[in-house]
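Peer 1: can you look at this prediction? I've put the sequence above it.
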Amino acid sequence: MEVPYRPRRIRFVGLEQTKGWRLKVYNILHHSKEPLEALLQAARDTALASLPQPAVTPDRYGVGFVAVHRGSSYDFVTVAHWAYETELRSQTYMRPSSGSFLLEPVSGSELSADVWDLRLLAFERDAWVETVLRPADADVDGYLGRRLEEEA
């Protein structure tokens, strides 16, 4: 099955700050889709319910990102946070086709990342390396200030 590649809009939505966490929130949008505020809220709620507490520990920075991907057939949400300096911990959720906004965890053979998700992951990786890992003094605020907005 050959489907021609078509860029998707990747947009920074805002910075979610609650329960000690600071999370960049993104939309990734199929060309036929628009942002859904109810899905963004479900993603925020799911992130806050699933992220460990306390947000900041000697092994955790309290920062990460949430990607709300409205694909051609399904909507996916990835919640990711930085730990142990170089690790990105993440969990992906799927919105059921029933139209509900209750997000279900994805695991096992269903877990995947497509080329648009990988673009955002690559950007976030590079932002982390350039602002937190390479400088003599880690700049977590600098990381949070780096945001991806493009057609990819």
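Peer 2: Received it, and whenever you're ready, just let me know what you need. Numbering: from 1, shown residues only.
Peer 1: the nearest residue to Glu85 once chain neighbours are set aside: neighbour count?
Peer 2: Spatially, and ignoring its direct neighbours in sequence, Glu85 is nearest to Leu133 (6.8 Å; CB to CB, 6 or more residues apart in numbering). Where C-beta positions appear, they are placed from N, C-alpha and C, glycine not excepted. For Leu133, the neighbour count with other CB atoms under 10 Å is 13.
Peer 1: wait, Leu133 touches Glu87, no?
Peer 2: No: counting by CB atoms under 8 Å, Glu87 is not a contact partner of Leu133; they are 11.5 Å apart.
Peer 1: point out where the chain drops to low pLDDT.
Peer 2: Within the chain, the stretches with pLDDT under 70 are 1.
Peer 1: where do the strands of it begin and end?
Peer 2: Using DSSP state E, the strands found in the chain span residues 9-18, 21-29, 56-57, 60-70, 75-83, 87-95, 104-105, 150-151.
Peer 1: and the fifth one, what does it pack onto?
Peer 2: This means strand 75-83. strand 21-29, helix 37-50, strand 60-70, strand 87-95, helix 115-128 (3 or more CB pairs under 8 Å, 6 or more residues apart in numbering; DSSP states H and E).
Peer 1: partner strands of that strand and their direction?
Peer 2: strand 60-70 (antiparallel), strand 87-95 (antiparallel) (DSSP bridges).
Peer 1: Arg6 is nearest to which of those?
Peer 2: Between Arg6 and the strands paired with strand 75-83, the tightest spacing by CB to CB is seen for strand 60-70, at 13.8 Å.
Peer 1: now the angle between strand 21-29 and the closest one, please.
Peer 2: With axes from the mean of the first three to the mean of the last three CA atoms, to 10 degrees defining the directions, strand 60-70 sits at 20 degrees from strand 21-29.
Peer 1: tell me who's in contact with His31.
Peer 2: Residues near His31 by CB atoms under 8 Å, 6 or more residues apart in numbering: 6-9.
Peer 1: can I have the buried ones of those as a ChimeraX selection?
Peer 2: Remark: buried members of these, expressed as a ChimeraX selection using 16 or more other CB atoms under 10 Å:
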select :8,9
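Peer 1: for His69, see how far away Ala113 is.
Peer 2: 9 Å (CB to CB, to the nearest Å).
Peer 1: now do Val106
Peer 2: 12 Å.
Peer 1: okay, and the common contacts of those two?
Peer 2: Phe76.
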